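Trainee: sequence first, predicted model second:
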Amino acid sequence: MAVQTPQRADGEKIRALVVDDEASITQLIAMALRYEGWDVETAETGQEALDKIRSFAPDVAVFDIMLPDFDGMQLLSRVRGSGEMFPVLFLTALDSVEDRVNGLTAGGDDYVVKPFSLEELIARLRGLVRRSQLALAQQPDPVLRVGDLTLNEDSYEVARANRPITVTNTEFELLRYLMRNPNRVLSKAQILDRVWAYDFTGKSTVVELYVSYLRKKIDSGFEPMLHTVRGAGYMLKPAG
């Protein structure tokens, strides 16, 4: 059954940037995405990728970890440092838990190991785009509020007690899910299904990791709102 290709809010094609120093891989991924109706640009080095990001403004990107000038994690650090928050999927031949955690810690949103299934890669990119480009025009008020914590679903701004909080794309999606279900215990399985939407290797670890990141950002200097319910999951509730 054909899968409907996601589109930008303005109706234009989704823009994907594929960065890998192996031309055969970039060509393979680009060809598959273009066949499905995506607008695709490729780059073979980190510097070329930075130039393409400025000129192409991608909605999603695939970064190889090993690049000839600087690695994919350094590339992502520069991208995030410039204020770009589009989701990034890391592509690498490395297959250790440490490498996976490092990629996610660097601000990546997903991780695929070579050799990879092209169908799985495209499905994961669709999931990243669907979460980051979720249309919310039907909602009159894009701001979610739980206590003194606010999240704007249109501008992707988060604040607590009017103090801005910077979050990654995945942290934003996790917080949005928690804020849409205040005072409700959400299990790790529920969070994985709604935030990651697939069976992630080491799934319990990645949920714990991102909850810890989020807790440090929204609870630092305040009375805690994000609580661990031992043996059951996590719950967000107003302080006090």
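Mentor: Right, received. Where do you want to start? Numbering: from 1, shown residues only.
Trainee: got the end-to-end distance for stretch 176-193?
Mentor: Using C-alpha to C-alpha, to the nearest Å, the gap from the first to the last residue of stretch 176-193 comes to 14 Å.
Trainee: typed the wrong thing, it's stretch 195-214
Mentor: From its first residue to its last, stretch 195-214 covers 14 Å (C-alpha to C-alpha).
Trainee: contacting residues for Pro142?
Mentor: Residues counted as contacts of Pro142 (C-beta atoms under 8 Å, 6 or more residues apart in numbering) are 136, 152-155. For glycine as for every other residue, the C-beta is placed from the backbone atoms N, C-alpha and C.
Trainee: take the residues you listed and keep only those in strands.
Mentor: Asn152 (DSSP state E).
Trainee: most neighbours, which of the contacts of Pro142?
Mentor: Neighbour counts for those (other C-beta atoms under 10 Å) peak at Glu153, which has 17 neighbours.
Trainee: nearest residue to it other than its sequence neighbours?
Mentor: Spatial nearest neighbour of Glu153, excluding adjacent residues (C-beta to C-beta, 6 or more residues apart in numbering): Pro142 at 4.4 Å.
Trainee: quick one: which of the contacts of Pro142 is nearest to Arg230?
Mentor: Taking C-beta to C-beta as the measure, Arg230 lies nearest Glu153 of the contacts of Pro142, at 30.8 Å.
Trainee: the longest helix seen in the chain: which residues count as buried?
Mentor: Under DSSP state H, the helix in the chain containing the largest number of residues is helix 203-219. Buried residues in helix 203-219, defined by neighbour count with 16 or more other C-beta atoms under 10 Å: 206-207, 210-211, 213-215, 217-219.
Trainee: and for stretch 224-238?
Mentor: Buried-residue list, stretch 224-238, by 16+ other C-beta under 10 Å: 225-226, 233-236.
Trainee: just the strands in this structure please.
Mentor: 15-19, 39-43, 60-64, 88-92, 110-113, 143-146, 149-152, 157-160, 163-165, 226-229, 233-236.
Trainee: quick revisit: least confident pick among the buried residues of stretch 224-238?
Mentor: Least confident of the buried residues of stretch 224-238 in the model: Gly233, at 92.
Trainee: residue contacts, Leu118?
Mentor: 28-29, 32.
Trainee: over to Thr170?
Mentor: By C-beta under 8 Å, 6+ apart, the contact list for Thr170 reads 87, 104, 109, 195, 210.
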